[in-house]
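Q: Pasting the sequence and the predicted coordinates here, then a few questions.
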Amino acid sequence: MRAALLDGSPSGHDACRPAVDALRRSLSEAGYTVEEFTLAGLPMAPCRGCFACWVATPGRCPVGDASELVARGVIGSDLAVFFSPLAFGCWHSTLKKALDRMIGLVSPFFDASGLTRHKPRYRRYPAMLGVGWLPGPQPEAEAVFARLAEHTAYNLRARAAASLVLMGDREWSVHRQHCLTALGRIKP
């Protein structure tokens, strides 16, 4: 099984490094081969909103940068893992930029059965695990993040999804257990 781990930690944000390490190790322990993308170190422009990835070059952004490798890693994986420190329960801009650039993974046409979302472009999509990091407990931010991760998974057509929040005031073993529990909720 393949996992694409998108680390949305900003440059120099070492406080959440133990959580990313625990997540990576937990994925390996659960049987995944991990392809990690440290987004802060990759050349990636923000989405221009030109929609060429929908109509001119279907499924592929015409801006030549690392976003193509990241999107290819995500769509080719069994599990897409999005990690980010949280601000007000939302993804850090480093990860949000990568997520915005993945819009070409879905079709420009809508599926209005249930909540409206884009139709799939591909036959197969990975499961998704959204992982947020906070320095300590923040119940409101955690609740906002749970909804955000749920909607991100829905919009990216994830076949299964889970989310969790890791906290800076916890030991590595606690991070590991939370990661393994969340991975257990996602069927490979």
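A: Okay, I see it.

Q: Just the strands from the chain, written as ranges.
A: Per DSSP state E, the chain carries strands over the ranges 2-7, 33-38, 79-85, 106-111, 117-120, 127-134, 161-167.

Q: For the first one, which strands pair with it and how are they oriented?
A: Right, strand 2-7. strand 33-38 (parallel), strand 79-85 (parallel) (DSSP bridges).

Q: pLDDT weak spots in this protein?
A: 187-188 (pLDDT under 70).

Q: Just want the most central residue of it.
A: F82 (2.4 Å; C-alpha atoms, centre = their mean).

Q: Pull the residues that contact the lengthiest helix in the chain.
A: Criterion DSSP state H: the longest helix present in the chain is helix 139-155. Helix 139-155 is contacted from outside by 82, 86, 88-91, 99, 106, 115, 117-118, 128, 130, 132, 134, 161, 163, 165, using C-beta atoms under 8 Å, 6 or more residues apart in numbering. C-beta coordinates here come from the backbone N, C-alpha and C atoms, glycine included.

Q: Mind doing that once more with 6 Å?
A: 86, 89, 117, 128, 130, 132, 161, 163, 165 (C-beta atoms under 6 Å, 6 or more residues apart in numbering).

Q: Ramachandran coordinates for the first one?
A: Torsion angles at L86 (phi, psi; degrees, to the nearest 10) stand at phi -110, psi 150.

Q: Could you shift the numbering so residue one becomes 56, and keep it that way?
A: Renumbered: residue one is now 56, and that last one reads L141.

Q: Switch the contacts of helix 194-210 over to JSON lines; also include neighbour count.
A: JSON lines is the format used below for those (neighbours: other C-beta atoms under 10 Å):
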{"residue": "L141", "neighbour count": "21"}
{"residue": "G144", "neighbour count": "19"}
{"residue": "R172", "neighbour count": "16"}
{"residue": "M183", "neighbour count": "26"}
{"residue": "G185", "neighbour count": "26"}
{"residue": "G187", "neighbour count": "31"}
{"residue": "A216", "neighbour count": "22"}
{"residue": "S218", "neighbour count": "21"}
{"residue": "V220", "neighbour count": "21"}
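
Q: of all the residues you listed, which comes closest to P113?
A: P113 has its nearest neighbour among the contacts of helix 194-210 in R172, at 17.8 Å by C-beta to C-beta.

Q: So what sits opposite the closest one in the bridge?
A: Beta-bridge partners for R172, by DSSP bridges, are D166.

Q: Can you tell me how far it is from H206?
A: 9 Å (C-beta to C-beta, to the nearest Å).

Q: Quick check: phi and psi at the residue lying farthest from the centre of the chain.
A: Here the chain reaches farthest from its C-alpha mean at A111, the gap being 25.7 Å by C-alpha atoms, centre = their mean. Here is the backbone geometry of A111 (degrees, to the nearest 10): phi -80, psi -40.
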